[in-house]
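Participant: Let me see the structure of the following:
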Amino acid sequence: MSDDRVKIAPSILAADFTRLGADVAEVEKFAPSAGVDRLHIDVMDGMFVPNISFGIPVLKSLAKVTRLPLETHLMIEAPERYLEDFVAAGSTSLLVHVEAAHHLHRTVQRIKSLGVKAGVVLNPATPLTVLEEILPDVDLVLLMTVNPGFGGQKFIRSTLPKVQRLRMMIHEMNIGCELEVDGGVDAQTARDCVSAGADVLVAGSAVFGTVEGIETSLGRLAAAANSGE
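Facilitator: Purely as a prediction, here's the structure:
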């Protein structure tokens, strides 16, 4: 897999939890050919977002059965309370919302001090100006292309210019920060996101929720993401 391939981060939120280990094993089997280099773990607390998903016990279980890095997206209030716990459970990167972290710089530095990658997340209505002071310190910025809280939502097309502007910011600051998008990503919207400047795509329903199965779904998504259209 060449370094310039678009990366895909399957979100286990859309997986079948009666066979989570098997689904993850299948993703891992086809990961090299599809450009999968991580799993995306959506942690929701029912407060920051109107849904409750899963937490540390599920993460610990995943860490035992996969070699893929576990990118943990903390959709929770005051995420700084649980950074150490999630790293101890197996997280290889922690993504925190700028809307939820009370002291963002302190939180980012604490994540990095724990030896994992630090990312920040912006909701669709949050302006990019909040990144001006923190962008040089993070490994990744995740732009939500739906409002967070539920899988299977429709892609918000008005977020695409925001992706373009962030790509320009990263280029102008000459930093190696990844640009990731999350929400409503499928074979069609993947092309649009990559054209706008995304280099990592979070996909849940488009990987785990199709009748064709994981192998075919991953292949279709990877082909679309790297089509150059």
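
Participant: Pretty sure residue 179 sits against residue 202.
Facilitator: No: with contact defined as C-beta atoms under 8 Å, residue 179 does not count as touching residue 202 (11.8 Å). No exception for glycine: its C-beta is placed from N, CA and C like everyone else's.

Participant: which of those two has more neighbours?
Facilitator: The residue with more neighbours, out of residue 179 and residue 202 and counting by other C-beta atoms under 10 Å, is residue 202; that gives 27 against 19.

Participant: partners of the more buried one in the sheet?
Facilitator: The partner list for residue 202 in beta bridges (DSSP bridges) reads residue 9, residue 182.

Participant: Please name the residues that touch it.
Facilitator: Applying C-beta atoms under 8 Å, 6 or more residues apart in numbering, we find residue 202 in contact with 9, 10, 11, 40, 142, 180, 181, 182, 183, 185.

Participant: quick one: which of those is most hemmed in?
Facilitator: Neighbour counts for those were taken using other C-beta under 10 Å; the highest belongs to residue 181, which has 32 neighbours.

Participant: Can you tell me how far that one is from residue 102?
Facilitator: In this structure, residue 181 and residue 102 are 25 Å apart, going by C-beta to C-beta, to the nearest Å.

Participant: With residue 182 instead?
Facilitator: Between residue 182 and residue 102 the computed distance is 22 Å (C-beta to C-beta).

Participant: circling back to that earlier point, can you tell me which of the contacts of residue 202 is closest to residue 66?
Facilitator: Distance from residue 66 was checked for each of those by C-beta to C-beta. The minimum falls on residue 10, at 10.9 Å.

Participant: my guess is the closest one meets residue 41, correct?
Facilitator: No: proximity of residue 10 to residue 41 does not meet the contact threshold set by C-beta under 8 Å, at 10.3 Å.

Participant: if we can go back for a sec, export the contacts of residue 202 to a markdown table and tack on distance to residue 81 and pLDDT?
Facilitator: Supplementary listing: the contacts of residue 202 in a markdown table, determined by distance: C-beta to C-beta, whole Å; pLDDT from 0 to 100:
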| residue | distance to residue 81 | pLDDT |
| --- | --- | --- |
| 9 | 25 | 98 |
| 10 | 27 | 98 |
| 11 | 23 | 97 |
| 40 | 21 | 98 |
| 142 | 20 | 98 |
| 180 | 24 | 98 |
| 181 | 27 | 98 |
| 182 | 23 | 97 |
| 183 | 25 | 94 |
| 185 | 30 | 96 |
